[in-house]
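[1] Below is the sequence, then the predicted model.
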Amino acid sequence: MTRLLHSLRIALLISLFFPALGHASCGASFCASDSQWDGPAFGAGTRLDLRFEYINQNQPMHAREKVSVGAIRQHHDEVRTINRNLLLSADHAHRSGWRLAWHLPVISRSHDHIHNHRGAVIPQAWEIEAVGDVRILLQRRLGSEGGDATPGIAWGLKLPTGSFNQRNDDGSLAERGLQPGTGTTDLVLGYFHHARTLIGTRPLSWFAQAYYHAPLNHRADYAPGFRLSIDTGIALPLAHDWEGMVQLNALVRGRDQGGEAEPLNTGGSFLWVSPGIGWRLNRQSQFYGFVQLPLYQRVNGVQLTAPWAATVGYRHQF
């Protein structure tokens, strides 16, 4: 128990020093809550996860201050971005400790901004529905199967499967930060630690993980900024088949680069708390939901942020 509390304190301190969720600019936003809280550490087999995310980015921020639309005049005054993301994840684990995982996002995004051109104020809007960039990970468990605490490492690639040339009805090309894909191949490196213990007679599981994404190339004069995400959380059984969960989700994101990027208005540091609840249908199936709330937000330039975000999903273990 002492070791568990010590590890949780370390994970919490890490999250606080690397302030949570990404892409607070005009688009490209995903919830930071992790739906694999019991992680790749336990058991062989195949697992499917389908989740829906809703993020309404309607609050412009400058550094750490909330501002009104157009308060800081720019070429584009961002108004609102509504993200409705559907994410399908699948992974297969072998008893040897290896696990292959892939993640496919399907994005539905509405975006409004004001284009300031030679004194004219021109409202512009986009409705984007497309497949995003696929991520493939190879994970290696470093401890023995069935252990109460297991660390592991992961590495993989984010592939350029998503479109980056979406236009609106007027033929105007959406900003690169708004597009479903970056057009680049990104390296992904990670470390995770999952554990189970007993609080009296009640089982408790917890996890901590860190993932680093870095683009390996530019594409059409654009490269996304690096991304360092750190997550930690606990899950505790409640009455009957219910489970309570809470996570801290942190992210530091670098500025986008290239002639088609907006380096002054991309990147930042974020910290979120994500309370959630799960309902187990049977031993193989579970429904879950999270609400994500900001604790700390600092953006570069002026960017849109969301006062809250929500995730609902379903997991099935074969």
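    Done, it's in.

[2] where do the helices sit along the chain?
    Ranges of helices in the chain, per DSSP state H, are 2-17.

[3] Return the helix or strand in it with minimum mean pLDDT.
    Least confident helix or strand of the chain, by mean pLDDT, DSSP states H and E, is helix 2-17 with a mean of 38.

[4] Just the C-alphas of stretch 196-207, formatted as CSV.
    Taking Å, rounded to 0.1, in the frame of the first residue of the first chain, the C-alpha atoms of stretch 196-207 are listed here in CSV:
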residue,chain,number,x,y,z
ARG,A,196,-3.9,-3.5,-9.1
THR,A,197,-4.1,-3.7,-5.4
LEU,A,198,-6.7,-4.1,-2.6
ILE,A,199,-8.2,-1.4,-0.4
GLY,A,200,-9.5,-3.6,2.3
THR,A,201,-11.4,-6.1,0.3
ARG,A,202,-12.1,-3.9,-2.7
PRO,A,203,-9.8,-4.0,-5.7
LEU,A,204,-8.3,-0.8,-7.0
SER,A,205,-6.5,-0.3,-10.3
TRP,A,206,-4.3,2.6,-11.3
PHE,A,207,-2.1,3.7,-14.2
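
[5] Could you check how far it is from the centre of its chain?
    Stretch 196-207 sits 26 Å away from the centroid of its parent chain (C-alpha atoms, centre = their mean, to the nearest Å).

[6] for that stretch, which positions count as buried?
    Within stretch 196-207, the residues that qualify as buried are Arg196, Leu204, Ser205, Trp206, Phe207, counting by 16 or more other C-beta atoms under 10 Å. C-beta coordinates here come from the backbone N, C-alpha and C atoms, glycine included.

[7] Count the neighbours of the residue nearest to Gly276 when sequence neighbours are not counted for me.
    Excluding the flanking residues, the one nearest Gly276 by C-beta to C-beta, 6 or more residues apart in numbering is Phe290, at 3.7 Å. For Phe290, the count of nearby residues is 30 (other C-beta atoms under 10 Å).

[8] Gln247 now?
    If you count neighbours by other C-beta under 10 Å, Gln247 ends up with 24.

[9] That one reaches Ser229, doesn't it?
    No. The criterion here is C-beta atoms under 8 Å, and Gln247 misses it with Ser229 at 11.7 Å.

[10] Which stretches in the stretch 101-250 of the chain count as strands?
    Applying DSSP state E, counting those that start in this stretch to the stretch 101-250 of the chain gives strands spanning 120-131, 135-141, 149-158, 186-199, 202-215, 227-237, 242-253.

[11] Just send those strands back as CSV, with mean pLDDT too.
    Putting the strands of the stretch 101-250 of the chain into CSV (pLDDT from 0 to 100) gives the following:
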stretch, mean pLDDT
strand 120-131, 93
strand 135-141, 93
strand 149-158, 91
strand 186-199, 89
strand 202-215, 91
strand 227-237, 93
strand 242-253, 94
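
[12] Tabulate those strands in JSON lines, adding columns for distance to Phe270.
    Below are the strands of the stretch 101-250 of the chain laid out as JSON lines (distance: least, C-beta to C-beta, whole Å):
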{"stretch": "strand 120-131", "distance to Phe270": "23"}
{"stretch": "strand 135-141", "distance to Phe270": "20"}
{"stretch": "strand 149-158", "distance to Phe270": "19"}
{"stretch": "strand 186-199", "distance to Phe270": "19"}
{"stretch": "strand 202-215", "distance to Phe270": "15"}
{"stretch": "strand 227-237", "distance to Phe270": "10"}
{"stretch": "strand 242-253", "distance to Phe270": "5"}
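
[13] nearest to Asp77, of the ones you listed?
    strand 120-131 (8.7 Å; C-beta to C-beta).

[14] Just the buried positions in the closest one, please.
    Residues of strand 120-131 classed as buried by neighbour count (16+ other C-beta under 10 Å): Trp126, Ile128, Ala130.

[15] ok, those vs Asp91, which is closest?
    Nearest to Asp91 out of the buried residues of strand 120-131 is Ala130 (C-beta to C-beta; 24.0 Å).

[16] what about the residue nearest to that closest one when sequence neighbours are not counted, how many neighbours?
    Spatially, and ignoring its direct neighbours in sequence, Ala130 is nearest to Pro180 (4.2 Å; C-beta to C-beta, 6+ apart). Using other C-beta under 10 Å, Pro180 has 24 neighbouring residues.

[17] again, but for Ala101
    Other residues close to Ala101 by other C-beta under 10 Å number 20.
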